[in-house]
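J.: for reference, the sequence and a predicted model appear below.
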Amino acid sequence: MVERPADLIEGFAEAGCRYITIHPESSEKHIHRVLGRIRELGCYSGLALNPATSPEIIRWVADQLDLVLVMTVNPGYGGQKHMFAMHEKIHAIRGILDKAGRKDALISVDGGVDSSNAKKLVQAGASVLVSGSYITSSLDRAEAIDSLRR
């Protein structure tokens with residue numbers, strides 16, 4: 001989450017990043033150009049959507065997306081409550097990607113992911129779950145990870 005990610009993508013690629021994901025609200029006027037540059041550098045390109053960002057934006061860049069990151073909390077700090085309304089958004093994004101011929105594109109979900117919602121997120125179309133506070137605040141981190149896998 002930076003402003004003007006186009007100024008930084010070469011550095012991230014040189015550092016070995018495989019996926020570089022930008023927010024459409026990141027002051028970039030030319031999202032197509034930035035996503036294309038990420039791919040030119042040999043990385044996978046992604047678009048991160050805040051809770052209030054419409055999934056419709058990906059319809060116009062789906063051909064350049066390898067990943068869509070759905071934020072199920074407002075970015076800023078860990079430990080926030082998961083927004084269950086985003087499950088419908090995940091389902092809509094999967095439909096948009098599939099219709100665009102991008103069944104291979106991943107949907108990652110970040111925000112309040114825990115064992116109570118992991119299965120529902122996968123059922124909605126998520127392929128990658130990001131879980132921070134649930135794991136780090138657990139007394140048994142290995143069990144917390146296993147609970148997500150189950």
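T.: Now that the structure is in, tell me what you want to look at. Numbers count the residues shown, from 1 in each chain.
J.: please count neighbours and contacts with C-alpha atoms only from this point.
T.: Fine.
J.: by residue count, tell me the biggest helix in this protein.
T.: Ordering each helix of the chain by length in residues (DSSP state H) puts helix 86-99 first.
J.: list the buried ones in that helix?
T.: Using 16 or more other CA atoms under 10 Å as the test for burial, helix 86-99 gives 86, 87, 89, 90, 91, 92, 93, 94, 96, 97.
J.: now these in a markdown table, with pLDDT?
T.: As requested, the buried residues of helix 86-99 are exported to a markdown table (pLDDT from 0 to 100):
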| residue | pLDDT |
| --- | --- |
| 86 | 95 |
| 87 | 96 |
| 89 | 97 |
| 90 | 97 |
| 91 | 97 |
| 92 | 97 |
| 93 | 97 |
| 94 | 97 |
| 96 | 97 |
| 97 | 98 |
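J.: about what we covered before: direction included, what does the next helix or strand after the longest helix of the chain pair against?
T.: Read in the C-terminal direction, the helix or strand following helix 86-99 is strand 106-110, with elements assigned using DSSP states H and E. Next to strand 106-110 in the sheet, as set by DSSP bridges, lie strand 67-71 (parallel), strand 128-130 (parallel).
J.: among those, which is the most enclosed?
T.: strand 67-71 (a mean of 24; mean count of other CA atoms under 10 Å).
J.: next one: the residue most central in space within the chain from residue 146, what distance?
T.: Centrality entry for the chain: nearest residue to the mean C-alpha point is residue 69, 1.1 Å, by CA atoms, centre = their mean. Summarising the geometry, the distance separating residue 69 from residue 146, computed by CA to CA, to the nearest Å, is 22 Å.
J.: hmm, who's touching stretch 46-62?
T.: Taking contacts as CA atoms under 8 Å, 6 or more residues apart in numbering, the residues outside stretch 46-62 that touch it are 19-24, 31-32, 35, 65-75, 86, 89, 92-93, 96-97, 100, 102.
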